[in-house]
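Trainee: Provided below are the primary sequence and the corresponding predicted coordinates.
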Number of protein chains: 2
Amino acid sequence: MRKFQVLFLLVSILSSSFAFSKPDPIKYRKSVYQIMGWHFGIMAAMAKGKKGYDRDVFMRSAAILRFVSNLPLEGFPVGSEKGNTKAKPEIWLDMKDFEEKMLQMQQEVSVLEEIANIGDLRKAKKQIGKVGRSCKSCHDKYKTK
Amino acid sequence: MRKFQVLFLLVSILSSSFAFSKPDPIKYRKSVYQIMGWHFGIMAAMAKGKKGYDRDVFMRSAAILRFVSNLPLEGFPVGSEKGNTKAKPEIWLDMKDFEEKMLQMQQEVSVLEEIANIGDLRKAKKQIGKVGRSCKSCHDKYKTK
């Protein structure tokens, strides 16, 4: 009986807190890209001199960007091509190519993190360009304008 | 001259890829919570037996939840109380209390990660309850329904 009570309490707490809405992969992947864009934006602003260069902040954003860059794929399950999304259905017709482009981006982001940790802003600028190109390459093919 | 060309190319690439929209802290914090909810949901579903327990998946979600749990505060700068948000203005009237609640949640999430790594599902269930309560405690005070 006590076990059931605990379970009931647990379920009540969880339900009230998150209301257990159905997981929405479209919202999930958009959120992932939102966070990536936020931190890429911080780094790009510093690289362009729009913001003063702060090595710690730059490193932190690079680390967060790298971590989060590993998350998007989970947000593209079969069936998630329909809904409030700019993702083209072509993604699911050639998932292997999409995954390769994702991997390419992840690799460029990893290199950016390494450079950020060394603290070489000149190299970081160039690498930000490479990351940007890897984003663009995928957006051009798989994202509607 | 070459430097300018490189810079121009860089700016063009970045602009075309990200369009450099103004960073939006409200979207940022919502995205962070979205990702937290996604992974907490995976763990809660396993803890409730709605999904089969997969230790690796459980551990992965715990690690992601822990990492991302450190990000929300950046999304609550002064001035971001207005807009498409359920955050109550009270947050900015007592930021110290808000930060304490955030820290409480982060600590509970850290413990959850440790338990997930040990692989004790029974303990994990209890800890999921604690994490849920720490979420609820903050939502009750600082989030409109």
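Mentor: Nice, I can see it. Numbering: from 1, shown residues only, chains lettered A, B, ... in the order given.

Trainee: what's the neighbour count on residue A:107?
Mentor: For residue A:107, the count of nearby residues is 14 (other C-beta atoms under 10 Å in any protein chain shown). Bear in mind the C-beta positions are built from the backbone N, C-alpha and C, glycine included.

Trainee: what helix or strand does residue A:64 sit in?
Mentor: Using DSSP states H and E, residue A:64 falls within helix A:55-68.

Trainee: contacting residues around the helix or strand immediately after that helix in the chain?
Mentor: Going down the chain from helix A:55-68, the next helix or strand is helix A:90-93, by DSSP H and E. The contact list for helix A:90-93, computed with C-beta atoms under 8 Å, 6 or more residues apart in numbering or on different chains, reads A:76, A:78, A:81, A:98, A:141, A:142.

Trainee: isn't the third one right up against residue A:89?
Mentor: Yes. With contacts counted by C-beta atoms under 8 Å, residue A:81 reaches residue A:89, the gap being 4.8 Å.

Trainee: more crowded one of those two?
Mentor: The neighbour comparison of residue A:81 against residue A:89 (other C-beta under 10 Å) goes to residue A:81, with 16 against 10.

Trainee: which residues does the more buried one contact?
Mentor: Counting by C-beta under 8 Å, 6+ apart, residue A:81 touches A:87, A:89, A:91, A:92.

Trainee: what's the answer for residue A:53, then?
Mentor: Taking C-beta under 8 Å, 6+ apart, we find residue A:53 in contact with A:46, A:121.

Trainee: separation between it and residue A:115?
Mentor: Computed as C-beta to C-beta, to the nearest Å, the residue A:53 to residue A:115 distance reads 13 Å.

Trainee: same check, this time on residue A:104
Mentor: 17 Å.

Trainee: do the same with residue A:88
Mentor: Distance from residue A:88 to residue A:115, counting by C-beta to C-beta: 32 Å.

Trainee: these two: which is more packed in?
Mentor: More neighbours surround residue A:115 than the other of residue A:88 and residue A:115, with 20 against 14 (other C-beta under 10 Å).

Trainee: I figured the more buried one hits residue A:123, correct?
Mentor: Yes. Using C-beta under 8 Å, residue A:115 makes contact with residue A:123 at a distance of 4.8 Å.
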